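Undergrad: I'd like to go over a predicted model; first the sequence, then the structure.
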Amino acid sequence: MDAKLKIFAMLMLFCLCKGGDASEQCGLSDLHVNQTALRNQVGGHQEYSVEVENKCICTQTNVKLLCPGFNSSIRVDPGIISLDPDGKLCTLVNGGAVRRADVIKFNYAWSTKFSFSPVSSSIACS
């Protein structure tokens, strides 16, 4: 009986140590982008609704999305998403915090659909 208890205790300790830092468990795959074509046409351009959700248990900052040549025929708040000077990447919420379960929403209208695939971010766990 004593040997079984020791084995159990060692397994529990191993599991606790193996857990690691939460930031190691988070990545770009935790940023979920959902884009929907709306029924609206604005100035002859299709309108899209975009939601970016952080499903990581940690906050992500400096979130960069792929959006080469991003443009819109309707106003998009640059505090939510803005095209970087390189013309290829967009920054979400001015590089600020996107916390766990935050959903960042914006609409745009253009003749082509942009991917907004996550490219990079910084993980901030506390």
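TA: Perfect, thanks for sending it. In this text the structure is predicted, and so the values were computed from the model without any measurement.

Undergrad: Find the residue ranges of this protein scoring beneath the pLDDT cut-off.
TA: Applying pLDDT under 70 to the chain flags the ranges 1-23.

Undergrad: What segments of it are helices?
TA: Remark: helices assigned in the chain by DSSP state H are 2-18.

Undergrad: Now do the strands in it.
TA: For the chain, the strands defined by DSSP state E occupy 31-42, 45-54, 59-66, 81-83, 89-92, 103-110, 117-124.

Undergrad: Relative to Gln25, which of those is closest?
TA: Distance to Gln25, taken as CB to CB, is lowest for strand 117-124 among the strands of the chain, at 9.3 Å. The way it works is simple: take the backbone N, C-alpha and C, and place the C-beta from them, glycine included.

Undergrad: thinking again about what came up before, would you turn the strands of the chain into JSON lines with mean neighbour count and distance to Gln25?
TA: Output for these, formatted as JSON lines (neighbours: other CB atoms under 10 Å; distance: least, CB to CB, whole Å):
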{"stretch": "strand 31-42", "mean neighbour count": "13", "distance to Gln25": "14"}
{"stretch": "strand 45-54", "mean neighbour count": "18", "distance to Gln25": "13"}
{"stretch": "strand 59-66", "mean neighbour count": "20", "distance to Gln25": "13"}
{"stretch": "strand 81-83", "mean neighbour count": "20", "distance to Gln25": "26"}
{"stretch": "strand 89-92", "mean neighbour count": "20", "distance to Gln25": "21"}
{"stretch": "strand 103-110", "mean neighbour count": "17", "distance to Gln25": "21"}
{"stretch": "strand 117-124", "mean neighbour count": "16", "distance to Gln25": "9"}
